[in-house]
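Undergrad: Below: sequence and its predicted model.
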Amino acid sequence: MEQDLFKLLSQIPDPEIPVINIVELGIVRDAKMISENEAEIVITPTYSACPAMFNIEEDIIKLFKEKGISAKIITKISPIWTTDWITDEAREKLRNYGITPPEKGNHEDHLNIPKKCPRCGSENTKQISRFGSTLCKASYQCNDCLEPFDYFKCH
């Protein structure tokens with residue numbers, strides 16, 4: 001039954017990056033039925049102040065209600081979310097969407113590591129701003145193809 005819940009939850013796209021879902025992003029930590037018509041969903045925000053979490057909670061509640069299930073949402077901030085929780089499939093989707101994901105296990109200072117341009121693959125890039133379109137991303141530009149891109153910060 002838990003697999004069915006995760007399959008259902010994978011229908012919910014991330015509100016800020018619609019090409020990946022909340023399961024692929026690693027926001028959903030656990031999902032289980034606690035009674036015949038009530039599920040408990042544990043989520044962890046990518047950032048403690050992530051404004052998308054309100055939308056995600058509403059989307060979960062709405063989807064489960066449509067299936068006749070009451071969803072109890074529990075937000076846990078410990079352990080903190082890490083980019084290691086992003087699935088490999090989601091990393092590829094991010095690249096195709098124009099966002100460079102961090103490599104798994106790369107928890108070093110992300111400012112000093114070259115970022116690959118998701119468009120041409122060049123590492124000849126520069127940071128434009130520590131903050132991109134959302135708090136969890138930084139803005140970069142490729143010096144070769146001149147395209148701007150977001151980098152999903154490691155943490």
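TA: Looks like it came in fine. Numbers count the residues shown, from 1 in each chain.

Undergrad: just checking, what packs against the lengthiest strand in the chain?
TA: Longest strand of the chain, by residue count under DSSP state E: strand 28-35. Judged by 3 or more CB pairs under 8 Å, 6 or more residues apart in numbering; DSSP states H and E, the packing partners of strand 28-35 are helix 2-9, strand 38-43. Where C-beta positions appear, they are placed from N, C-alpha and C, glycine not excepted.

Undergrad: Return the most buried member of these.
TA: Across the helices and strands packed on strand 28-35, averaging neighbours per residue (mean count of other CB atoms under 10 Å) puts strand 38-43 on top, at a mean of 19.

Undergrad: Just after that strand, pick out the following helix or strand.
TA: helix 52-66 (DSSP states H and E).

Undergrad: State the next helix or strand along the chain beyond that next one.
TA: strand 70-75.

Undergrad: Quick check: mean pLDDT of that following strand?
TA: Averaging pLDDT along strand 70-75 gives 96.
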